[in-house]
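> Here is my input; please provide its structure:
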Amino acid sequence: MKINKDKFSIDNTDYTVGQDNIQKWGFDIHNPVFGTSAGLIAIFLIAILIIDPATSKEFLDGIKWQIIGAFDGLFMWSMNLFVIFCLGLIVSPFGKIRLGGDGAKADHSRLSWIAMLFAAGMGIGLMFWGVAEPVAYYTGWYETPLNVVANTPAAAELALGATMFHWGLHPWAVYGVVALSLSFFAYNKGLPLSIRSAFYPILGDRTWGWPGHIIDIVAVIATLFGLATSLGLGAQQAAGGFQHVFGIEGDLSLQIIIIVVVTMLAIVSVVRGLEGGVKVISNVNMLLAAVLVLFVALVTAAVSMGTIPTTIMGYVKNIIPLSNPVGREDEAWMHGWTVFYWAWWISWSP
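Just a heads-up that it's a prediction; the model follows:
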């Protein structure tokens with residue numbers, strides 16, 4: 001389905017999208033959203049550069065923990081609701097709605113879609129934390145989930161189950177809610193491919209004014225902080241890997257180099273588009289991941305075969321206790337891991 005990005009109609013009323021837009025570097029630049037977002041980001045970066053790094057870190061950490069402490073219940077119940085909502089869509093008549101219309105066909109193969117979903121949705125985090133996280137839970141490096149006794153068989157099962165909990169249905173549900181909102185209103189209703197379009201049934205024509213601008217600005221800022229978290233943690237992980245394998249000092253300079261290289265790859269990928277950029281890099285990434293999985297399976301076959309059932313059982317048995325924020329005795333662990341993860345997934349979802 002082709003969508004005219006400059007004009008669209010709702011209830012026989014014509015709207016023009018391009019009145020606040022300009023074409024720059026091959027992109028549509030929306031003046032109110034771009035200008036306000038860029039200004040807020042610039043102010044934030046200047047403030048960080050002016051303030052002493054240690055003071056900045058302490059200040060930002062303080063804000064993070066205040067948000068986590070004040071809104072832990074909101075994050076936890078929201079993520080649970082997203083899972084229930086997505087599962088409900090699967091079994092409801094709405095699950096039969098075809099994105100793009102009844103005659104729409106996929107632009108890419110299922111394998112390429114899966115590759116792009118994992119590369120863009122989880123990326124390096126899945127590779128690193130898939131190992132580091134259960135080890136941290138099992139040993140009690142930073143508390144233990146549900147206050148299980150560390151270094152015990154019960155801790156091993158719960159550590160694997162809790163890791164699957166953080167990378168399983170819940171994060172994919174929040175991705176699904178945002179993706180469905182964007183795709184349904186863009187490809188089934190013909191609205192602009194923008195977060196604000198999902199709010200048209202609520203805001204009506206105000207969606208194209210400042211209420212809509214604010215929604216898109218918040219989405220941009222949230223995505224920025226999600227990107228900063230992913231890129232910052234990813235650069236630290238990659239630098240640690242270089243230091244361990246090659247003996248290169250994994251200091252701030254190396255991390256900055258990694259961030260610059262990754263950013264340049266991302267820019268090239270975006271400029272080349274889905275077909276020539278994101279798809280190619282994602283397919284290569286999936287191929288390398290498959291080779292790594294095969295290598296690990298061959299080297300540690302006995303361990304891998306024994307771990308998979310333990311992980312599944314730990315996930316199924318503990319998904320409800322881990323999802324419930326009420327009366328938790330492991331509040332420090334829940335705040336430091338689960339609530340932080342949920343905030344991260346939500347910010348990254350746009």
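> Hmm, I248 is touching Q255, no?
No: the criterion here is Cβ atoms under 8 Å, and I248 misses it with Q255 at 11.4 Å. (Each C-beta comes from the backbone N, C-alpha and C, glycine too.)
> Quick check: neighbours shared by these two?
Applying Cβ atoms under 8 Å, 6 or more residues apart in numbering, one finds that no residue jointly contacts I248 and Q255.
> out of the two, which sits in the busier spot?
Counting neighbours by other Cβ atoms under 10 Å for I248 and for Q255 shows that Q255 has the greater number, 20 against 12.
> contacting residues around the more buried one?
Q255 touches A235, Q236, A238, A239, counting by Cβ under 8 Å, 6+ apart.
> go on, L169?
Shown in contact with L169 (Cβ under 8 Å, 6+ apart): V83, C86, I319.
> Including distance to V218 and pLDDT, could the residues you listed go into TSV?
Converted to TSV, the contacts of L169 look like this (distance: Cβ to Cβ, whole Å; pLDDT from 0 to 100):
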residue	distance to V218	pLDDT
V83	23	97
C86	23	95
I319	30	96
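> Let me see the confidence value for L292.
Listed pLDDT for L292 reads 84.
> Next one: it from V326, what distance?
Plainly put, L292 is 40 Å away from V326 if you go by Cβ to Cβ, to the nearest Å.
> if I pick the closest residue in space to A156 that isn't next to it in sequence, what's in contact with it?
Take A156 and drop its neighbours on the chain: the residue closest to it by Cβ to Cβ, 6 or more residues apart in numbering is Y138, 5.6 Å away. Taking Cβ under 8 Å, 6+ apart, we find Y138 in contact with A150, N151, A155, A156, A159.
> what do you get for V339?
V339 touches I68, D72, F75, M76, counting by Cβ under 8 Å, 6+ apart.
> still on that earlier bit, assign the residue nearest to A156 to helix, strand or coil.
helix (DSSP: H, G, I helix; E, B strand; the rest coil).
> Give me the mean pLDDT for the helix or strand hosting P201.
Secondary-structure assignment from DSSP states H and E places P201 in helix 200-203. Averaging pLDDT along helix 200-203 gives 93.
> can you dump the C-alpha coordinates of it into PDB?
Extracted C-alpha coordinates of helix 200-203, given in PDB (Å, rounded to 0.1, in the frame of the first residue of the first chain):
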ATOM      1  CA  TYR A 200      -5.800  10.400  16.600                       C
ATOM      2  CA  PRO A 201      -8.900   8.500  18.100                       C
ATOM      3  CA  ILE A 202      -8.300  10.300  21.400                       C
ATOM      4  CA  LEU A 203      -7.100  13.800  20.300                       C
END
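> ranges for the helices of the chain?
For the chain, helices defined by DSSP state H occupy the ranges 31-50, 53-70, 72-91, 110-121, 123-139, 153-167, 169-183, 200-203, 210-246, 252-273, 279-299, 301-323, 331-333, 340-348.
> Select, out of the ones you listed, the one closest to L99.
helix 169-183 (5.0 Å; Cβ to Cβ).
> Show me which residues of stretch 214-232 are buried.
I215, D216, I217, A219, V220, I221, A222, T223, G226, T229, S230, L231 (16 or more other Cβ atoms under 10 Å).
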